[in-house]
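In: here are the coordinates; sequence isn't available:
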């Protein structure tokens, strides 16, 4: 991938920023990863200058509201473009094998039939299993079970020309995923709050980690580039400065703490 557009950086109940989701770009083609919790995804895409007609792949990591409900709006938008003759080809949605039925049900319950009927025709839902691979935007994408403590959730790696990007989803790293994660050049990792604020935000009770744990993980795995997001939003305005300062105590690599709509060259 050539670059990453950060569409949202917040956790489920964030009010100062959008829910964590992002776009990966290869030329003019776009892979969207999750879509947040509502039609705000369309606003974020517009602000980022991303034309939905360029999105031909979407990875949905899991069924929590802040990741999947925006998918309905993306499908509605792309289906509209299809019916208006403004979208070329098919739209592929990738998710673990338990999610296609959920996504299709949400769409059929909430979207007009003329849009929903495109599912299975031009909108294709692909249910994948742990370790399954697919070719997406010229990259070999490997999906893997993150062994979530709350709900089935998949992360993925994307590899091309010896470079590897890994998305861990929104829960702490499980050593069972080491075979997938090792050798990553880029690691996309949740960090709910500062380690120094753990008593205030109680990340462990929410099955999340802190900046400290995420940075220690990247250092342990010798990952040269680390992106931290899926955070609380109470410190949003000062988050980049605060998280970077704490993170540098544990990780000496290239650390990114992006704000919504930041663009990261990969």
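Out: Cool, got the structure. Note that the coordinates shown come from a computational prediction; the quantities given were computed from them, not determined experimentally.
In: so how many other residues sit close to residue 31?
Out: Each residue near residue 31 was counted by other Cβ atoms under 10 Å, and the total is 24. C-beta coordinates here come from the backbone N, C-alpha and C atoms, glycine included.
In: whoops, residue 152 was the one
Out: 16.
In: report the secondary structure state of it.
Out: When classified by DSSP: H, G, I helix; E, B strand; the rest coil, residue 152 comes out as coil.
In: for it, grab phi and psi.
Out: In terms of degrees, to the nearest 10, the main-chain angles of residue 152 are phi -50, psi 130.
In: could you measure from it over to residue 92?
Out: Distance of residue 152 to residue 92, given as Cβ to Cβ, to the nearest Å: 20 Å.
In: pLDDT below threshold where in the stretch 1-150 of the chain?
Out: Along the stretch 1-150 of the chain, the model assigns pLDDT under 70 to no residue.
In: where along it do the helices fall?
Out: 40-48, 65-83, 100-110, 113-116 (DSSP state H, counting those that start in this stretch).
In: those helices: which one's closest to residue 235?
Out: Among the helices of the stretch 1-150 of the chain, helix 65-83 comes nearest to residue 235, with 18.6 Å by Cβ to Cβ.
In: kindly compare burial across the helices of the stretch 1-150 of the chain and name the winner.
Out: Most buried of the helices of the stretch 1-150 of the chain, by mean neighbour count (mean count of other Cβ atoms under 10 Å): helix 65-83, with a mean of 21.
In: elements contacting that helix?
Out: In terms of contacts (3 or more Cβ pairs under 8 Å, 6 or more residues apart in numbering; DSSP states H and E), helix 65-83 is packed against helix 40-48, strand 55-59, strand 91-96, helix 100-110, helix 113-116, strand 123-128.
In: adding distance to residue 14, write these out as CSV.
Out: Conversion of the helices and strands packed on helix 65-83 to CSV gives the following (distance: least, Cβ to Cβ, whole Å):
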stretch, distance to residue 14
helix 40-48, 11
strand 55-59, 21
strand 91-96, 23
helix 100-110, 22
helix 113-116, 28
strand 123-128, 28
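In: relative to residue 32, which of these is closest?
Out: Across those, residue 32 has its closest neighbour in strand 55-59 (4.6 Å, Cβ to Cβ).
In: run through who's touching that closest one.
Out: Strand 55-59 is contacted from outside by 23, 29-35, 71, 74, 78, 89-95, 136-137, 141, 156, using Cβ atoms under 8 Å, 6 or more residues apart in numbering.
In: buried subset of these?
Out: With neighbours counted by 16 or more other Cβ atoms under 10 Å, the contacts of strand 55-59 contain buried members at 23, 29-35, 71, 74, 78, 91-95, 136-137, 141, 156.
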